[in-house]
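> Provided below are the primary sequence and the corresponding predicted coordinates.
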Amino acid sequence: MILNEQIQHKGNQYPSHVIKHERDLDTFYFHTYNRVILQVTVLRDSVVRFRYTTTNKFGDDFSYALVENTSVGYNALELIEEESEFIIKTNKIHVKINKANLKVNIHSADDGHLILGDEQGFHWEDSYELGTDIVKMSKISKDAESFYGLGDKPTHLNLKGKRFENWVTDSYAFGPNTDPIYKAIPFYVGVQGENAYGIFFDNTFRTSFDFCQERRQVTSFWASGGEMNYYFIHGPQVEEVVEKYTQMTGVPELPPLWALGFHQCKWSYYPEAKVKEITNKFRELSIPCDAIYLDIDYMDGFRCFTWDKEKFPDPKRMVDELNADGFKTVVIIDPGIKIDYDYDVFLEGIENDYFCKRADGPYMKGKVWPGECYFPDFTRADVREWWAGLFKGLIEEIGVRGVWNDMNEPAVMDVPGKSFPDDVRFDYDGHPCSHRKAHNIYGMQMARATYHGVKRHAYPTRPFVITRAAYSGTQRYTSTWMGDNIANWEHLVVANRQIQRMAMSGYSFAGTDIGGFAEQPQCELFARWVQLGVFHPFFRVHSSGDHGEQEPWSFGDEITNICRKFIEIRYHLLPYIYSTFWKYIAHGTPMLKSLVMYDQADVQTHYRTDEFLFGDKILACPINEPNVKGRRMYIPKGIWFDYWSNSVFKGGKEIWVDADIDSMPIFVKSGAIIPKYPVQQYVGEKEITELKLECYYKDGEEKSFIYEDEGDGYGYKKGEYSKRDFTFVGKGDEIIIRQHKNGKFKTSYDTFEVCLIGAPFKISIVELDNKEIQPEINYEKGIACFKIDKNFGELHLK
């Protein structure tokens, strides 16, 4: 019997004093007397990795989150040893490491101010039950510091005063304070006035974050296993922090343009006659729609990669006919493979030993929709390759255009914890581990395998994949939605917060189940949710059939007309949205920007949750309450035009905005040039013969751009794209618009329709590349519109 209480429970342990240090190019090692090693790697002048071990050696360095060729490089790097500390200097930051206790303080190289400092710093606790360390880190939080990020948390945007856990969880009908839910994205941004930094804690075990809840000026994060392994990212702007994190964890390829249109989904549309009834109704009512979804009922007994031939006797014919009418078919695929010895997919998995196993050897068995199932080990490359090949029938042979991965937390019914037990074993790409380590990345690796399968078999068109579960980096492979929400006003608020937070967490291609998945929305709620969804990158209605119909025409003529009006706005804005998506891919810039990202120096933005920027130029704010005809909202710095009335507002204050049920507060930044397509019932229905440019006057200079390509395929990677950069210059009595074009793609249109909004003078002279021209100028409600050749260099208006 062990009587020594110190052996029974050692409590927190801390690094002792440094006894030696080493340098290997951009990496530094600091060894302590009690065998702790701190590894510091400088990736960029403003990005530093901190990695700790308590056993005097590091394990394999492996991450699913990071892109293989993460951009590295710095302008200067030196190590200085002083009496009490080591100082690692770059051009942006100085990292100070205390010799006595290994605590880290990070200072600005510009003025020396402390950006982030250790409180207790790194410490750990032995867990005899888990057989590993519980690794911990605590930092000092400054007065008035705010925190953002962590993926899909449904709570207030500002995380200060709250505690969270990352453990991917099937959370049907979650609430605004439910935690954890479907995603584990261990990245947050700290904002200290005009300075911002990010922390990415790359640990796939169950992780926790405390933002000054337990102790008022202490922020901490910890994990129940694995390494203390985190990245510090300095801005100083919030947008810069998020861009650098996103570049580290990766961006997707450009989606097909139709993926940015409107999508209709339900659990479930069947049989074929019901699917056709829905799609025909869209065309009959002239409500644009690009995709129709088939939930689990299209399958034979919920067996993945099969069809129920009674409900869908000829899937290829149906999919072809839907495609001819402009509808791309998207189908659901879950990870659970039914235990059925007459089922080819199951037999292949058994024959090749592809399924996850318990610690003692038997396969992991769990109940999901098909009944008892086994589950592929997606952390094995050969299993991912097998899984990718299974999509040939759906994609290449039948013509399905997208795949929707659900239940991939992984969710298991009728068991405690709603997932696998901890003793399930995974290959983890050659780094064998238990479910404790692999749980949070299971859905990510399923989505990865699905993405490669769809991409392979959809070629030469682009893949489209959706996932429910995700870890950092999943955005490389797939779009996502926020899971099983509820049809109530509270969840409309939650939806807005979640998509803003996902964008700030590097995952912009996201949306919610518009109208709510569980329960039935009120008419007004559905209309307001569609209005918000227009300004989310992924725009899909989805619902549980248990609660009634949820198509745009299900709530009477008034709501049908409102839905049509706003879905048409979405289709007008497709070139703007596609351009915004290109910028996300090219630079890591979030497609949605919370006001704190737009102007972090304004403390009024730190707790605003409703207002956000969609791209760089459009400000949107949903109506979150029933029976109201407007709301108060905060207009950030700058000059803004009301989208509906073209009235001008100066920012930096809160105003009342009228917005009856057929309207929503939308503003456009002065100086913006907003490209617009004509309304189409689906992408590709019409040849675009003219592009409208809505130009909003600014006394000063503003830059805009338009990115276009074929809208599908991979020609853009070979230079077949068109990127037009515009500079708007307003000078009171004249306007200059300059254009610079890159790329080889030839657009189908030759003409711009330029519409000038808010100009302080009536146009009398139009010069195009220093030559006066005489276009017909039409004035309507103070807006001057005229047509010019698209290939101009400078447009001069007087």
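Good, I have the coordinates. Numbers count the residues shown, from 1 in each chain.
> could you use CA atoms for every contact and neighbour count after this?
Will do.
> for this structure, what's the longest helix?
Longest helix in the chain, counting residues (DSSP state H): helix 435-458.
> mind giving me the packing neighbours of it?
Here helix 435-458 touches helix 381-389, strand 402-405, strand 425-426, strand 465-467, strand 470-471, going by 3 or more C-alpha pairs under 8 Å, 6 or more residues apart in numbering; DSSP states H and E.
> how about the ones you listed in CSV, adding distance to Leu691 and mean neighbour count?
Formatted as CSV, the helices and strands packed on helix 435-458 follow (distance: least, C-alpha to C-alpha, whole Å; neighbours: other C-alpha atoms under 10 Å):
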stretch, distance to Leu691, mean neighbour count
helix 381-389, 39, 19
strand 402-405, 29, 24
strand 425-426, 52, 25
strand 465-467, 30, 27
strand 470-471, 37, 28
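> so for Leu114, which of these sits nearest?
Smallest distance to Leu114 across the helices and strands packed on helix 435-458 (C-alpha to C-alpha): 30.7 Å, for strand 470-471.
> contacts for the helix or strand following the closest one next, please.
Per DSSP states H and E, the first helix or strand lying C-terminal to strand 470-471 is strand 479-481. Strand 479-481 is contacted by residues 464-468, 509-513, 538 when judged by C-alpha atoms under 8 Å, 6 or more residues apart in numbering.
> are any of the residues you listed buried, and which?
By neighbour count, with 16 or more other C-alpha atoms under 10 Å, the contacts of strand 479-481 hold 464-468, 509-513, 538 as buried.
> Tyr643: which of the residues you listed is nearest?
Distances from Tyr643 to the buried ones among the contacts of strand 479-481, taken by C-alpha to C-alpha, are shortest for Phe538, at 22.0 Å.
> can you show me the strands along the stretch 651-798 of the chain?
653-658, 666-669, 673-676, 690-696, 700-708, 722-730, 735-742, 751-757, 766-768, 771-773, 778-780, 783-789, 794-797 (DSSP state E, counting those that start in this stretch).
> so what does the fifth one touch, helix or strand wise?
The one in question is strand 700-708. helix 574-587, strand 673-676, strand 722-730.
> one more time with 6 Å, if that's ok
strand 722-730 (3 or more C-alpha pairs under 6 Å, 6 or more residues apart in numbering; DSSP states H and E).
> partner strands of the strand it packs on, parallel or antiparallel?
Sheet pairing for strand 722-730, assigned by DSSP bridges, gives strand 700-708 (antiparallel), strand 735-742 (antiparallel).
> how about those strands in TSV, adding mean neighbour count and distance to Arg163?
Formatted as TSV, the strands paired with strand 722-730 follow (neighbours: other C-alpha atoms under 10 Å; distance: least, C-alpha to C-alpha, whole Å):
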stretch	mean neighbour count	distance to Arg163
strand 700-708	19	40
strand 735-742	18	47
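> now tabulate these in JSON lines and tack on mean pLDDT and distance to Thr609.
Shown next, in JSON lines, are those (pLDDT from 0 to 100; distance: least, C-alpha to C-alpha, whole Å):
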{"stretch": "strand 700-708", "mean pLDDT": "98", "distance to Thr609": "26"}
{"stretch": "strand 735-742", "mean pLDDT": "98", "distance to Thr609": "35"}
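> need those strands in TSV (columns: distance to Ser645).
Listed next are those as TSV, based on distance: least, C-alpha to C-alpha, whole Å:
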stretch	distance to Ser645
strand 700-708	22
strand 735-742	22
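> and His107, which of those is closest to it?
Among the strands paired with strand 722-730, strand 700-708 comes nearest to His107, with 33.5 Å by C-alpha to C-alpha.
> how many neighbouring residues does the residue lying closest to Val135 once chain neighbours are set aside have?
Here the nearest residue to Val135 in space, its sequence neighbours aside, is Trp124; by C-alpha to C-alpha, 6 or more residues apart in numbering that works out to 4.6 Å. Close neighbours of Trp124, defined as other C-alpha atoms under 10 Å, add up to 23.
> secondary structure element holding Trp124?
If you go by DSSP H and E, Trp124 is part of strand 114-127.
> list the buried residues of that strand.
Applying 16+ other C-alpha under 10 Å to strand 114-127 flags 115-126 as buried.
> tilt between the helix or strand following that strand and strand 114-127?
Sequence order places strand 132-140 as the next helix or strand after strand 114-127, per DSSP H and E. Counting by axes from the mean of the first three to the mean of the last three C-alpha atoms, to 10 degrees, strand 132-140 lies at 160 degrees to strand 114-127.
> so what touches the helix or strand following strand 132-140?
For strand 132-140, the succeeding helix or strand toward the C-terminus, using DSSP H and E, is strand 146-149. With C-alpha atoms under 6 Å, 6 or more residues apart in numbering as the test, strand 146-149 has contacts from 158-160, 188-191, 501, 504-505.
> among those residues, which are in strands?
The strands, defined by DSSP state E, take in 188-191 from these.
> can you give me the helices in the chain?
Counting by DSSP H, the helices of the chain are 5-8, 238-249, 272-284, 315-324, 344-351, 381-389, 435-458, 489-504, 523-533, 557-572, 574-587, 595-598.
> show me which residues of the fifth one are buried.
So the one you mean is helix 344-351. Neighbour-count burial for helix 344-351 [16+ other C-alpha under 10 Å]: 345-346, 349-350.
> for these, give me a markdown table that also has pLDDT and distance to Thr27.
Compiled in a markdown table, those are given as follows (pLDDT from 0 to 100; distance: C-alpha to C-alpha, whole Å):
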| residue | pLDDT | distance to Thr27 |
| --- | --- | --- |
| Val345 | 98 | 47 |
| Phe346 | 98 | 47 |
| Gly349 | 98 | 43 |
| Ile350 | 98 | 45 |
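> which one of these sits closest to Lys96?
Checking those one by one against Lys96 (C-alpha to C-alpha), the nearest turns out to be Gly349, at 52.4 Å.
> from Lys139, how far out is that closest one?
From Gly349 across to Lys139, the span is 47 Å (C-alpha to C-alpha, to the nearest Å).
> how many neighbouring residues does Glu68 have?
11.
> begin at 31 from now on, thanks
Understood, numbering begins at 31; the last thing we discussed is Glu98.
> picking up where we left off before, could you give the angle of the strand holding Trp154 to strand 217-222?
Orientation check (the same axes, to 10 degrees): strand 144-157 against strand 217-222 gives 140 degrees.
> perfect, I'm done here.
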